[in-house]
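J.: pasting the structure only:
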């Protein structure tokens, strides 16, 4: 009787993670019985929200009680990213005008227009300082050919991630996390929609409520990519392939490089140096760099052409391809989940 009372039934033994030789993991079970990893285990971080109970679900499952906090957190991170990036873009535009003695010029009767020696003397100092500060950014940023350096800057994305709950406001990164199993497909679709909507609404508020009071010199720009349809350019399939390749490499680097720097006790801001060549890599025949973010591309695009708007698709495919690369070469550690 003592021996019998101490034995578990076969069903209890199969359900017990300690009896079947597996380690209990935080997450949820898929339909085929495989555990999905929710924690950012290989990075040693905690997810933005925690699930403490294992649930039988599938890839399309969404927990309604966690949906509203998740959307709220995503919206805050995206808004902080857009405000920071657009503010830097406006500052760069002001520095360009100051460095070229072109700010402010409002009319033909202004002191600068009449070549007043006092104004010229006072403008020398600020223009020199502005020119020195512009040396800190790539030349393609000044010529408006590297939008990704500002709108997908690694130090902005990583700073928001570290200070606002581990969320990276970057659509390809969210798709990559879904491929890794950290998000369900439905959660990924909802978060991607939230990022597109929040980016567009924040850009609209900034553009029409603040920048509309100034002239076009402070407008938020988006490079017009050259295609064969409007000039001597590459075929669209070549440009889209370059777009997908650059986005894939950037998304993988954004996931891996910060971890390697932390393991080697290096400052995280050095990640910007590793992804710097991707900002200046031309994705069209004109040498324009990629935005590396489909949400900002859609929000800032001044053209309604299919070629311009269609660049969002290869960028999102780049996030999916980055997820497959991460699964093969940088998978999450089951033992630490």
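T.: Sure, I can see it. Just so it is clear, the structure is predicted and the values come from calculations on it, not from any experiment. Numbers count the residues shown, from 1 in each chain.
J.: ok now do residue 188, which residues does it touch?
T.: Shown in contact with residue 188 (C-beta atoms under 8 Å, 6 or more residues apart in numbering): 174, 175, 177, 178. No exception for glycine: its C-beta is placed from N, CA and C like everyone else's.
J.: What mean pLDDT does the longest helix anywhere in the chain get?
T.: Using DSSP state H to define each element, the chain has its longest helix at helix 64-99. For helix 64-99, mean pLDDT rounds to 89.
J.: follow-up on the earlier one: mind checking which of the contacts of residue 188 are in helices?
T.: Filtering these for helices - DSSP H - leaves 174, 175, 177, 178.
J.: helix or strand for the nearest residue to the last one once chain neighbours are set aside, which one?
T.: It stands for residue 178. Nearest residue to residue 178, sequence neighbours excluded (C-beta to C-beta, 6 or more residues apart in numbering): residue 188, at 3.7 Å. Per DSSP states H and E, residue 188 falls inside helix 185-209.
J.: Which SSE is immediately downstream of that helix?
T.: helix 236-263.
J.: buried stuff in that following helix?
T.: 236, 239-240, 242-259, 261 (16 or more other C-beta atoms under 10 Å).
J.: quick one on the thing from earlier: can the ones in helices among the contacts of residue 188 go into CSV with extra columns for pLDDT?
T.: Putting the ones in helices among the contacts of residue 188 into CSV (pLDDT from 0 to 100) gives the following:
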residue, pLDDT
174, 95
175, 96
177, 93
178, 92
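J.: Could you save these as JSON lines and add columns showing distance to residue 88 and neighbour count?
T.: Formatted as JSON lines, these follow (distance: C-beta to C-beta, whole Å; neighbours: other C-beta atoms under 10 Å):
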{"residue": "174", "distance to residue 88": "23", "neighbour count": "25"}
{"residue": "175", "distance to residue 88": "25", "neighbour count": "26"}
{"residue": "177", "distance to residue 88": "26", "neighbour count": "24"}
{"residue": "178", "distance to residue 88": "29", "neighbour count": "22"}
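J.: What is the nearest of these to residue 63?
T.: Proximity of the ones in helices among the contacts of residue 188 to residue 63 was ranked by C-beta to C-beta; the top entry is residue 178 with 15.6 Å.
J.: isn't the closest one right next to residue 190, touching?
T.: No - using C-beta atoms under 8 Å, residue 178 makes no contact with residue 190, being 10.9 Å away.
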